[in-house]
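In: structure, please.
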Amino acid sequence: MQPLIDHARTFGRRPEEFARLADGQSPQVLFITCSDSRVVPALITGARPGELFELRTAGNIVPAHRSGHPSGEAATIEYAVEVLGVRDVVVCGHSHCGAVGALVRGDDLAAVPAVRDWLAHAADETAAHDPSDPTVSAAVQQHVLTQLLRLRSYPCVQRRIEDGRVRLHGWYYEVHTGAVREHRPDTDTFELL
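Out: Residues are numbered from 1 along each chain as shown. So this is what the prediction gives:
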């Protein structure tokens, strides 16, 4: 913890670098990814403060849109699309994902009921994947595509896709190599960026 505190103490000593941020934000990208500490969107993309609007959930799960049932995830997506006017939405899964791995292996999550109930949003997506693969790459890549489909069910996203104001992207980040792959719809494969 101490290195983090030391950095935070010196971080605010350069106010001129941050003054423009007080005027508001205008990110062009909503970046949806896992809460995993090994996945750092700004590090992966090189984004500076104000350039990415982030939504981080366990397993980068986008819950299905349910009208009349607000959630923090739905509010973040709607705000990014309707208020901030992001042009692109990236769903980024990653190798060695504990959430997807737990689903693939069928782990007993009784001791963590909130995690179990959250992962139930994705339980049907991963059943046919190899539980012996520690990277769970095929399962994570399929999971990313499912989250993209769920995003399309959000009315604000659907409208903006139809009128060409939003594009969706599926990414897969390899924590063990740093490589980033993007889903290519024409070949239905994840290829290096």
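In: can you list the weak-confidence ranges in the chain?
Out: Within the chain, the ranges that satisfy pLDDT under 70 run 126-128.
In: quick check: residue 114 vs residue 33, distance?
Out: Distance from residue 114 to residue 33, counting by Cβ to Cβ, to the nearest Å: 20 Å. Bear in mind the C-beta positions are built from the backbone N, C-alpha and C, glycine included.
In: list the contacts for the spatially most central residue of the chain?
Out: Nearest to the mean C-alpha position of the chain, by Cα atoms, centre = their mean, lies residue 33 at 1.8 Å. When contacts are counted by Cβ atoms under 8 Å, 6 or more residues apart in numbering, residue 33 touches 39, 41, 54-56, 60, 90-94, 173.
In: which of those fall in helices?
Out: residue 41 (DSSP state H).
In: chain center to the longest helix anywhere in the chain: distance?
Out: Using DSSP H, we find that the single longest helix of the chain is helix 137-152. Relative to its parent chain, helix 137-152 has a centroid offset of 10 Å by Cα atoms, centre = their mean, to the nearest Å.
In: which SS class is the closest residue to residue 150 other than its chain neighbours?
Out: Nearest non-adjacent residue to residue 150, counting by Cβ to Cβ, 6 or more residues apart in numbering: residue 62, 4.5 Å away. Here residue 62 takes the coil state, with states given by DSSP: H, G, I helix; E, B strand; the rest coil.
In: would you confirm that residue 62 contacts residue 90?
Out: No: with contact defined as Cβ atoms under 8 Å, residue 62 and residue 90 do not form a contacting pair (11.8 Å).
In: need the strands for the protein, in chain order.
Out: Under the criterion DSSP state E, strands of the chain are mapped to 29-34, 52-57, 88-94, 167-173, 180-184, 189-192.
In: and for residue 82, nearest residue in space, chain neighbours not counted?
Out: Nearest in space to residue 82, with sequence neighbours left out and distances taken as Cβ to Cβ, 6+ apart, is residue 156 at 5.2 Å.
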